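[1] heads up, no residue letters with this:
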């Protein structure tokens, strides 16, 4: 992919985002935030998250 194609694709995606109504954009952001994995899992992976869950059970 050339740089020109990459810029075209980025601009096309950005314009499609801006053409959406603001209410749809905010709803998309809300749903994206709701489905984020927990902080420990995102930053440190599976092992610390599992250790924390084991200690919480006891």
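    Happy to help now that I have it. Every value quoted in this text rests on a predicted model; they were computed, and no experiment measured them.
[2] pLDDT on the helix ranked longest in the chain, on average?
    The single longest helix within the chain, with elements called by DSSP state H, is helix 3-19. Per-residue pLDDT over helix 3-19 has a mean of 94.
[3] any idea how far residue 33 is from residue 26?
    The span separating residue 26 from residue 33 equals 11 Å under the rule CB to CB, to the nearest Å. Bear in mind the C-beta positions are built from the backbone N, C-alpha and C, glycine included.
[4] name the helix or strand for the most centrally placed residue in the chain, please.
    Relative to the mean C-alpha position of the chain, the nearest C-alpha, by CA atoms, centre = their mean, is the one of residue 32, at 6.0 Å. For residue 32, the element it lies in under DSSP states H and E is helix 22-34.
[5] ok, residue 37 next?
    Secondary structure assignment for residue 37, by DSSP H and E: no helix or strand.
[6] look up phi and psi at it.
    Per-residue torsions, residue 37: phi -70, psi 160 (degrees, to the nearest 10).
[7] on the pLDDT front, check it for me.
    Reported pLDDT for residue 37: 78.
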